[in-house]
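Asks: please find the sequence and the predicted model below.
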Amino acid sequence: SAFYNGLIGADLGQFVGTQDVDFFDIVAPDTGILIIDIDTTNSPDDLADSYVRVFNSSGIQIAFNDDEIPEQNLDSYLELPVVRGQRVYVAVSSYWNSNFNPSDPFDRSDQGPGGYYDLFLFFANGDTNGSLNTAAVGTVGSSIAGFIGNDGGAQVGADGSKDVDFVSFTPSTSGLLDITVTSPNGTLASVISLWQFNPATQVASRLADTSGSASRLIVRATAGQTYYVGVTGLGNDDFNWFAPWDGSGGDVGSYTLSTAMRPLSDVATLSDNSVNGAAPTTLVLGQGIDAAIGRDGALIQDASDVDIYRFVPTTTGRYQFRTDASSLSDAETRAADTFLRIFDAAGTELAFNDDGYIGTTGSFIRLTLTAGQTYYIGVSGASATPRTYNPLTGAGAVSGSTGAYILSGAIATELRSTPTLAIGGSVAGSAANQFTHTFTVLNTLGSPVLFQQLPGASWRAVDLGASTGSPTITSNVVTWVDIKDGRTYVAANSVAGLLLFTNTAGQWTLRNLSTEIAGSGVISTEISTFTETSGIVNLTGLNAQGHLLLFKQTGAGGEGAYVWSFANITTRDLNPQGQVMPPFIGNRVTAYVTSWNGLNIAGLTAAGEIHTVWWAPGLQFWQTTNLSAVTGAGQLSGGLTVYLTPWGGINLAGINNEGKVSVTWWVPGFAGEWRNNNLTNETGGPTLDPGSITSYITAWGALNIAGLDGQGKVVIYWWVPGFQLWSITSISEQVPGSKLPVGRLTGVSGSGFDGTLNILGTASDGDVVRYWWRPGGVWQQDDLSQIAVPT
């Protein structure tokens, strides 16, 4: 039903004159009778002499009424047959304006006084017990046979699909009211819902519902309290308790509604709130369990509900458990904000988690378990004190969030890496990017893994191999955010060729550039990536013969689908010019782009010399130069790293045979002159492991060279514009108890939106660790392998 208090003469408090007409747009929710009733008893001194006209969707009048009882009652009344989905327009005017033109607001009469009226709209589709107010009365302990689709042998509405049967029950004793609906001939997939009505507020509350060919609910019932059971077909469970015809429509068929009273002591065997109660459900890896806080099977629980599960691992190792509601099949189902706990067999808590990461209400735990041992998993609603309950007895549970969730378990996603490979990294240029920092590694199983920082500083991890089905990776993994489309990309070598991973709206896809480009070669070393000033991305490395290979975007193609080309720089450019490809060592090259779009790929030879293969605007072919010969740089033993300054400077740093930091550098003011500095001698700083060196520039122009000293600590040589000398900082000492990385380090900074500096490495146990610093703060460390949540 619907109600409207109207005034012929004004709309929304604004006077419009007595030629006023009020139109109402109505779409029939089902086939039945639309009842239009005008009542003016509430305004006896200023009532309207009403006139009702009804028009179809084409504006043609199909019904009208002046007075319900001529000469006795001036109020209008109509009963209009309609079919489901039919649109009609109900118009209310004064009697003196009854001939108004429905399509012309100026073709109307202002004769008559106007006045107040109440419009009541009712709808009847033949559902005689479809609301709480019309519920049939049932007796606890009896069975009721019914049919969803008709009442008393007459079809409800257009096809019976919106039929609802309400039955009320008032137990004479307190206990458990057990309600079951079955379909004896299997014709009905039912939904049953349990309701209570509050006389004080005149509002009914849905306590719970369930569905299936055999639906069941069990509720703690109080003697003398009335409970309402609604039965309908699956699909029509969104009906209103006072207007059953407004549901979406569902299944039809016969059913039997049965009820019984059970003692409260049965709760112990019906609930899963403790280990000592009913046997906990066993969690099987890879098989999610759909459950809800507030329900234990058919038993309706309150907000202090706890669900206990059992898990026995078959192998010793790391496992991960999560609760998630994002994949619930019913979008209307309320999701629980869960709290997850893991216990050993004695009930001792081993781990707990509220939110897997900021922005989610699901929970996540990763921990090491022993084969053959029994563990218990507790799921409750998030609250201020969610860790108070005893998993063995169930005592101490507190009220929290309620709703549905899915519990799942799996062998933990491998997030550990190998120290011999560099970590890829990129920083978003603005806070508009959802993921502010992205890092990539090759895990110990040969699969590329991506770590991304979410808003709020939480971390997620994506196993790109598992999500795309990529072949085994054989190199480092690089990543970048393409400035042309803002997407995150990842590239890596594999046994099948050079792979390109693309993230589009959270979904990762895979391309094989080697198979896309006919005649392309195979990179057998680490990959380096660089982006030209125009935004064109390049991937480079050496093949097994030491030739320099280049995969390059052509500029063609749309967002997420850019076209790539391939060139063997050695055979295409260097050899025809009589130039010799430098014999780079160390399984890697270092690429950089100058401010004038000079493209450079540098490396070290066995003699410790710095060579570059380079191209500049205006040249047709790439060239090669022995920079050590040009600059007078000393012999290096490894660790070549390049950083470019905002003022156009080029800096090539490395480690000499004594482990000292040597920098060869140039700025535009030097013309053709290069300079060399031994930073270790100049600062008295420590020697560094040549295999660990990395460098980066901050957003404010500070120069940084980082590496591992003789004690395995991360040390930074750094200089800020305005300083005369370089400074030394051991960031490992600034973060007491931090996990020390071994092998290669990666520095990531640049024009990040918050100025965060990052130094990443792999610890001896394979964990990916991140030292980070933000202006105004202190150095900190994150163990990404431990805190990132796999998605």
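Replies: Happy to help now that I have it. These figures come from a predicted structure and were not determined experimentally.

Asks: strand partners (parallel or antiparallel) of the lowest-mean-pLDDT helix or strand in the chain?
Replies: Scoring the helices and strands of the chain by mean pLDDT, DSSP states H and E places strand 424-427 at the bottom, with a mean of 80. Counting by DSSP bridges, the strands paired with strand 424-427 are strand 437-442 (antiparallel).

Asks: what's the following helix or strand after the partner strand?
Replies: Remark: after strand 437-442, the chain's next helix or strand is strand 448-453, criterion DSSP states H and E.

Asks: okay, angle between that following strand and strand 437-442 too, please.
Replies: For strand 448-453 against strand 437-442, the angle by axes from the mean of the first three to the mean of the last three CA atoms, to 10 degrees is 160 degrees.

Asks: each with direction, which strands does strand 448-453 pair with?
Replies: Sheet pairing for strand 448-453, assigned by DSSP bridges, gives strand 437-442 (antiparallel), strand 459-463 (antiparallel).

Asks: what are the contacting residues of the first one?
Replies: This points to strand 437-442. Residues from elsewhere that reach strand 437-442 (CB atoms under 8 Å, 6 or more residues apart in numbering): 417-418, 421, 423-428, 448-453, 473, 475-479, 481, 488, 490, 492, 746, 748, 752, 756, 758, 760, 762, 768, 770, 784. C-beta: built from backbone N, CA, C; applies to glycine.

Asks: then the last one?
Replies: With CB under 8 Å, 6+ apart as the test, strand 459-463 has contacts from 357, 413-415, 443, 447-454, 508, 782, 784, 787-791.

Asks: same thing but 7 Å
Replies: With CB atoms under 7 Å, 6 or more residues apart in numbering as the test, strand 459-463 has contacts from 357, 413, 415, 447, 449-454, 508, 784, 787-791.

Asks: now swap in stretch 342-360 and tell me
Replies: By CB under 7 Å, 6+ apart, the residues outside stretch 342-360 that reach it are 321-322, 339-341, 361-365, 367, 373-378, 382, 387, 390-392, 454-456, 458-460, 789.

Asks: just the buried ones out of those residues, please.
Replies: 321-322, 339-341, 361-365, 375-378, 382, 390-392, 454, 458-460, 789 (16 or more other CB atoms under 10 Å).

Asks: what residue ranges in the stretch 301-450 of the chain score low on pLDDT?
Replies: Applying pLDDT under 70 to the stretch 301-450 of the chain picks out residues 327-333, 428-435.

Asks: what does the chain give?
Replies: 71-72, 327-333, 428-435, 750-754.

Asks: hmm, try it at 80
Replies: 1, 43, 70-73, 213, 326-333, 357-359, 426-436, 455-457, 750-754 (pLDDT under 80).

Asks: one step back: now render the strands paired with strand 448-453 as a markdown table, adding distance to Val398.
Replies: What follows is the strands paired with strand 448-453, written out as a markdown table (distance: least, CB to CB, whole Å):
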| stretch | distance to Val398 |
| --- | --- |
| strand 437-442 | 37 |
| strand 459-463 | 30 |
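
Asks: of these, which is nearest Ala544?
Replies: Closest approach to Ala544 among the strands paired with strand 448-453 (CB to CB): strand 437-442, 19.6 Å.

Asks: filter the contacts of strand 437-442 to the buried ones?
Replies: 417, 421, 423-428, 448-453, 473, 475-479, 481, 488, 490, 492, 746, 748, 752, 756, 758, 760, 762, 768, 770, 784.

Asks: wait, Val593 touches Phe530, no?
Replies: Yes - if you go by CB atoms under 7 Å, Val593 and Phe530 touch, sitting 5.3 Å apart.

Asks: let me know which of the strands paired with strand 448-453 is tucked in deepest.
Replies: Mean neighbour count, computed with mean count of other CB atoms under 10 Å, is highest for strand 437-442 among these, reaching a mean of 26.

Asks: for the protein, which segments count as helices?
Replies: Shown for the chain, the helices assigned by DSSP state H span residues 267-270, 464-468, 513-516, 569, 627-631, 679-683, 731-734, 784-787.

Asks: I'd like the distance from the third one to the chain centre, please.
Replies: Going by CA atoms, centre = their mean, to the nearest Å, the spacing between the C-alpha centre of helix 513-516 and its chain's C-alpha centre is 32 Å.

Asks: check the first one too.
Replies: Between the centre of helix 267-270 and the centre of its chain there are 36 Å (CA atoms, centre = their mean).

Asks: repeat for the last one
Replies: Averaged C-alpha coordinates place helix 784-787 at 19 Å from its chain's average position (CA atoms, centre = their mean).

Asks: buried ones in that helix, by neighbour count?
Replies: Leu784, Ser785, Ile787.

Asks: so how far is Gly446 from the second one?
Replies: Think Ser785. Per CB to CB, to the nearest Å, Ser785 is found 16 Å from Gly446.

Asks: and the first one, by the same measure?
Replies: In this structure, Leu784 lies at 19 Å from Gly446, with CB to CB as the measure.

Asks: before we move on, what about Gly32?
Replies: According to CB to CB, Gly32 stands 66 Å off from Gly446.

Asks: which of these two has more neighbours?
Replies: Gly32 (23 against 16; other CB atoms under 10 Å).

Asks: and the gap between that one and Ser58?
Replies: Here the criterion is CB to CB. By it, Gly32 lies 22 Å from Ser58.

Asks: now swap in Ile731 and tell me
Replies: Plainly put, Ile731 is 77 Å away from Ser58 if you go by CB to CB.

Asks: between the two, which is the more surrounded one?
Replies: Neighbour count, other CB under 10 Å: between Ile731 and Ser58, Ile731 has more, with 21 against 7.

Asks: distance check, the more buried one against Gln781.
Replies: Noted for Ile731: a distance of 9 Å to Gln781, by CB to CB.

Asks: what's the answer for Gly486, then?
Replies: From Gly486 to Gln781 the distance is 29 Å (CB to CB).

Asks: neighbour count winner among the two?
Replies: Neighbour count, other CB under 10 Å: between Gly486 and Gln781, Gln781 has more, with 21 against 14.

Asks: look at the closest residue in space to Ala496 that isn't next to it in sequence and say how many residues are nearby.
Replies: In space, and not counting its chain neighbours, Ala496 is closest to Pro471: 4.4 Å by CB to CB, 6 or more residues apart in numbering. Pro471: 16 surrounding residues under other CB under 10 Å.

Asks: my guess is Pro471 contacts Gly497. True?
Replies: No - using CB under 7 Å, Pro471 is not in contact with Gly497, being 8.5 Å away.

Asks: now what about the least confident helix or strand of the chain, what contacts it?
Replies: Contacts of strand 424-427 (CB under 7 Å, 6+ apart): 436-440, 476-481, 746, 748-750, 752, 758, 760.

Asks: from those residues, which land in strands?
Replies: Among the contacts of strand 424-427, the members falling in strands (DSSP state E) are 437-440, 476-481, 746, 748, 758, 760.

Asks: any chance of a markdown table for those residues, columns distance to Trp700?
Replies: As requested, the ones in strands among the contacts of strand 424-427 are exported to a markdown table (distance: CB to CB, whole Å):
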| residue | distance to Trp700 |
| --- | --- |
| His437 | 18 |
| Thr438 | 22 |
| Phe439 | 23 |
| Thr440 | 26 |
| Asn476 | 29 |
| Val477 | 29 |
| Val478 | 26 |
| Thr479 | 24 |
| Trp480 | 23 |
| Val481 | 21 |
| Thr746 | 21 |
| Val748 | 16 |
| Asn758 | 16 |
| Leu760 | 21 |
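
Asks: and which of these is nearest Lys739?
Replies: Distances from Lys739 to those, taken by CB to CB, are shortest for Leu760, at 12.0 Å.

Asks: beta partners for that closest one?
Replies: Residues in a beta bridge with Leu760, per DSSP bridges, are Thr746, Arg770.

Asks: so it makes contact with Ser749?
Replies: No - between Leu760 and Ser749 there is no contact under CB under 7 Å: 11.5 Å.
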